[in-house]
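S.K.: Test case, fold it:
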Amino acid sequence: MSFLLLVLAAATPDPALLEKLGARALALEAYANGSRVTVDVVAEELDSEGGVKKTTHTALRVGRSGPKVERKLLTFIENGKDLTEARRAELEKPPKKEGAAVKSPFHPDQRAKYQFVVLAPPDGQPTLMRLGFQPAGEKTAELYVGDATVDPETGDVLTLSLRPSKTPAFVDSLAIEATLDARTPAGRAMSRLTLKGVAGFLFIKERFRVVTTFSDYEPF
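M.R.: Here you go, the predicted structure:
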């Protein structure tokens, strides 16, 4: 069923729930700007049959306090070869340009850009809710289509499944799955993020899979 048909057939969420989800998103954003976390990334380049051509495993302890950013490399392994010391200086250096922040559709800055509907709850979890979302207006690479499992009592987002509403340049497909199961004073934070997709130019296409885990959150 298309999202348009879902919108016509399903109820819209209670505004009070969206406010609660937005407050939680703001609290997590503030916590992320004053905390440390271990980020463990396994990135794989895949062939056309799904076989792994190249694997890198990067683990960093990352901290942020306002404009101050610290990065400590724990591990860098490429195709089984430990290159931690060879890559330390490069990977511990803060990026010259910050990537664009990806905000939850429920963040107060983003909420007006989306249309939300109430979907069937997750199997066997009647106390939770599942909300679908898509851009309220023009589709762009910065806005997403997907669904989220949320706890209406706490305002926590538990899972997200989404894709860009418009694929970015040189990206054929991108699917994103997120689990928020890390307990923090600000609520449940990101614990696992999986990206799968195909990207490239003209006839040169690369398939990729990236699994990132986040653990050991603590105040900066």
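S.K.: Residue 109 contacts residue 103, doesn't it?
M.R.: Yes. In this structure, residue 109 is within contact of residue 103 by Cβ atoms under 8 Å, at 6.2 Å. All C-beta atoms are positioned from the backbone trio N, CA, C, and that covers glycine.
S.K.: Quickly list what's touching both of the two.
M.R.: Here residue 109 and residue 103 share no contacting residue, scored by Cβ atoms under 8 Å, 6 or more residues apart in numbering.
S.K.: residues in contact with the nearest residue to residue 184 once chain neighbours are set aside?
M.R.: Of all residues not flanking residue 184 in the chain, residue 217 sits nearest, at 5.0 Å (Cβ to Cβ, 6 or more residues apart in numbering). When contacts are counted by Cβ under 8 Å, 6+ apart, residue 217 touches 31, 35, 36, 37, 182, 184, 189.
S.K.: out of the residues you listed, which one sits closest to residue 174?
M.R.: Using Cβ to Cβ, residue 189 is the member of these that lies nearest residue 174, at 22.4 Å.
S.K.: mind listing what the closest one touches?
M.R.: Neighbours of residue 189 in contact, by Cβ under 8 Å, 6+ apart: 28, 31, 32, 180, 182, 183, 214, 217.
S.K.: Repeat that for residue 37.
M.R.: Taking Cβ under 8 Å, 6+ apart, one finds 61, 62, 63, 214, 215, 216, 217, 218 in contact with residue 37.
S.K.: How about residue 156?
M.R.: With contact taken as Cβ under 8 Å, 6+ apart, residue 156 is in contact with 24, 150, 180, 187, 188.
S.K.: now residue 48, nearest residue through space, not along the chain?
M.R.: Spatial nearest neighbour of residue 48, excluding adjacent residues (Cβ to Cβ, 6+ apart): residue 207 at 7.2 Å.
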